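S.K.: Got a sequence here, can you model it:
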Amino acid sequence: MLYRIIITQNGKRKKILHKSNDLKFIKRKYFNVKDKNKVLFSKKTNSYLKTKPVKYELILIKKWESGDIPFIDRDDLGRVVEINDTDNKWTILYKNEYFYEETFTIFDHNKKLTAIDIIKNIVMEKHKTIMIKQVNYIHNKLLIHQDNDFNIILCKCPADSKRLYDILENFCENNKINNILFTGSVGNLNKTDVYKMIIEKTGWSKNKIYRTTTRP
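M.R.: Take a look at the predicted model:
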C-alpha cells in the first residue's frame, strides 16, 4: 500500500514530504513532522497576485481502496463534514494544520526577517546606554522608534501588523523589558505626521504609503 505525507495550501497540494509503503514508518514520520512544526509568527496571508488568507495543512493519505471510511472533519463554521476524494485515488488518514514562519520586508534591509530576527536584531539591538524605544503601527506598517530614527516593517495586511505588534509586546512583558513603550495603533490625529515621517525617510509616493496591504 502506498502512503504519502503532503502539505496543502488552501486545499490544494503544495508539496509531498514523504512516500512509503510502510504504515508504521510513515505514521512515525507524520507525527514527528507535526510535533516539530513550531513557529512564532505563522503565515496566514498570501500576497501572490493579490492579498488573501492562506491555510496550510499536513495530511497523511493512502491509496484509495473500496470500503475506506471517509475522513471526518469540521468546516469553518464548526459543522461536521465528511472528506472524500471524488476521483477515488486517495483516502485521508490524518490531517492537522501546518505552519510556515512568516518573513517581513524591512525598509533599508537587504533580506527579509522573521519575527524572531526582528526581536533579536531590532527590538533587542544593543546600545552603549539604555535607550527608550517605542513601537506602534499604522495599517500594515509596524514602526520601531529608537535613536532619533525608526525601522519600518511591512506586513501583508493590518491584521498581520497587529499580530506582530502583540507578539513583540508579549515578549517584552514576559521578559520584563521596561525600556520599550508600546503605544498601539497610530491615531487619526497623528497619522498625517507619521505619513510625513515615512515619506521623508523612504522617498515613497503617497500612493505607496497609504496602501493598507503589501502586494507584489
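S.K.: tell me which residues in the lengthiest helix in the chain are buried?
M.R.: Longest helix in the chain by number of residues (criterion: DSSP state H): helix 158-174. Neighbour counts using 16 or more other Cβ atoms under 10 Å place 158, 160-165, 167-168, 171-172 of helix 158-174 among the buried residues. (C-beta placed from N, C-alpha, C; glycine too.)
S.K.: list the contacts for the residue positioned nearest the centre of the chain?
M.R.: For the chain, the residue nearest the mean C-alpha position is Lys43 (2.2 Å; Cα atoms, centre = their mean). By Cβ atoms under 8 Å, 6 or more residues apart in numbering, Lys43 lies in contact with 54, 56, 99-102.
S.K.: Repeat the analysis, applying 10 Å as the threshold.
M.R.: 54-56, 99-103, 156, 160 (Cβ atoms under 10 Å, 6 or more residues apart in numbering).
S.K.: Closest to Val81 out of those residues?
M.R.: Lys55 (15.4 Å; Cβ to Cβ).
S.K.: Quick check, pLDDT for that closest one.
M.R.: We have a pLDDT of 95 for Lys55.
S.K.: thinking again about what came up before, could I get the contacts of Lys43 as JSON lines with distance to Leu181 and secondary structure?
M.R.: As requested, the contacts of Lys43 are exported to JSON lines (distance: Cβ to Cβ, whole Å; DSSP: H, G, I helix; E, B strand; the rest coil):
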{"residue": "Val54", "distance to Leu181": "33", "secondary structure": "coil"}
{"residue": "Lys55", "distance to Leu181": "34", "secondary structure": "coil"}
{"residue": "Tyr56", "distance to Leu181": "35", "secondary structure": "strand"}
{"residue": "Phe99", "distance to Leu181": "30", "secondary structure": "coil"}
{"residue": "Tyr100", "distance to Leu181": "31", "secondary structure": "coil"}
{"residue": "Glu101", "distance to Leu181": "27", "secondary structure": "strand"}
{"residue": "Glu102", "distance to Leu181": "24", "secondary structure": "coil"}
{"residue": "Thr103", "distance to Leu181": "26", "secondary structure": "coil"}
{"residue": "Lys156", "distance to Leu181": "25", "secondary structure": "coil"}
{"residue": "Asp160", "distance to Leu181": "22", "secondary structure": "helix"}
